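S.K.: Sequence and predicted structure, then a few things I'm wondering about:
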Amino acid sequence: MSVSGLIEGFRLTRMQFARDRIIGDSQVRADEAQVVAIELIDAAGRVGLGFAQSLFLPLPDPEEIERIFRAEAWPGVDLEHLVVHETGADFAEVTEGNATTWERERYEWDSASGTVTAKTLDSNVWAEGSRWDYRITPVEGGSLVGVRLERHGKNVKGKLIGALLPVVGKKVVTASLASALKLA
């Protein structure tokens with residue numbers, strides 16, 4: 001059975017419980033098991049479930065687990081430059097980036113129209129009015145993702161990167177989206 005759908009959200013649940021027996025044939029003993037359940041939720045409300053565990057070292061706190069998960073989903077974003085400030089039913093305010101560029105954005109999404117907008121609130125290179133607009137359209141076997149990017153450099157670095165975007169932007173954006181969507 002093949003089911004496709006856009007991943008609309010996720011839940012991470014951290015669990016810790018006593019483990020008082022030998023594990024398998026290896027004769028390994030651990031006093032506690034540390035587990036995180038990863039639930040991916042699509043637009044129809046279907047949930048895919050996965051687990052990660054550590055027998056010998058404690059898992060980080062839930063906020064750190066979420067930061068690590070987001071960094072794995074979006075590898076162009078460094079953990080040091082990833083802060084989730086606020087979330088709601090149809091928005092998230094996030095600072096993300098890397099050593100070269102970072103920005104605080106307000107993401108807003110509309111599941112019915114298949115659109116996501118990310119507006120720059122603050123950045124080390126992009127001025128107000130900069131934004132990303134995504135349109136996701138279902139097609140046979142998956143989804144078509146359209147991207148519109150509007151960038152306004154706020155300093156020399158931003159203007160230089162902005163001038164290079166028409167030359168290399170499509171390749172970079174396509175690679176970044178392909179990497180992020182592999183999880184879906």
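M.R.: That came through fine. Residues are numbered from 1 along each chain as shown.
S.K.: So which residues of the chain form strands?
M.R.: Per DSSP state E, the chain carries strands over the ranges 7-18, 22-23, 28-29, 32-42, 47-54, 83-87, 91-97, 102-110, 115-123, 131-139, 142-150.
S.K.: would you turn these into a markdown table with mean neighbour count, distance to F69 and mean pLDDT?
M.R.: The C-beta positions use only the backbone N, C-alpha and C, and glycine is treated the same way. What follows is those, written out as a markdown table (neighbours: other Cβ atoms under 10 Å; distance: least, Cβ to Cβ, whole Å; pLDDT from 0 to 100):
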| stretch | mean neighbour count | distance to F69 | mean pLDDT |
| --- | --- | --- | --- |
| strand 7-18 | 13 | 6 | 76 |
| strand 22-23 | 12 | 25 | 59 |
| strand 28-29 | 11 | 27 | 64 |
| strand 32-42 | 16 | 7 | 79 |
| strand 47-54 | 12 | 9 | 78 |
| strand 83-87 | 12 | 11 | 85 |
| strand 91-97 | 17 | 13 | 89 |
| strand 102-110 | 17 | 16 | 91 |
| strand 115-123 | 18 | 19 | 93 |
| strand 131-139 | 14 | 20 | 86 |
| strand 142-150 | 13 | 21 | 82 |
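S.K.: would you list the ones you listed in a markdown table and tack on distance to G158?
M.R.: Formatted as a markdown table, the strands of the chain follow (distance: least, Cβ to Cβ, whole Å):
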| stretch | distance to G158 |
| --- | --- |
| strand 7-18 | 31 |
| strand 22-23 | 53 |
| strand 28-29 | 53 |
| strand 32-42 | 34 |
| strand 47-54 | 38 |
| strand 83-87 | 21 |
| strand 91-97 | 12 |
| strand 102-110 | 10 |
| strand 115-123 | 8 |
| strand 131-139 | 14 |
| strand 142-150 | 13 |
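S.K.: And those strands: which comes nearest V156?
M.R.: V156 lies closest, by Cβ to Cβ, to one member of those: strand 115-123, at 14.0 Å.
S.K.: so how far is the closest one from its chain's centroid?
M.R.: Offset of strand 115-123 from its chain centre (Cα atoms, centre = their mean, to the nearest Å): 14 Å.
S.K.: Please apply the same query to stretch 129-145.
M.R.: Averaged C-alpha coordinates place stretch 129-145 at 16 Å from its chain's average position (Cα atoms, centre = their mean).
S.K.: What's the end-to-end length of that stretch?
M.R.: The first and final residues of stretch 129-145 sit 22 Å from each other (Cα to Cα, to the nearest Å).
S.K.: Outline the domain layout of this protein.
M.R.: 1-59, 61-184 (automatic domain parsing).
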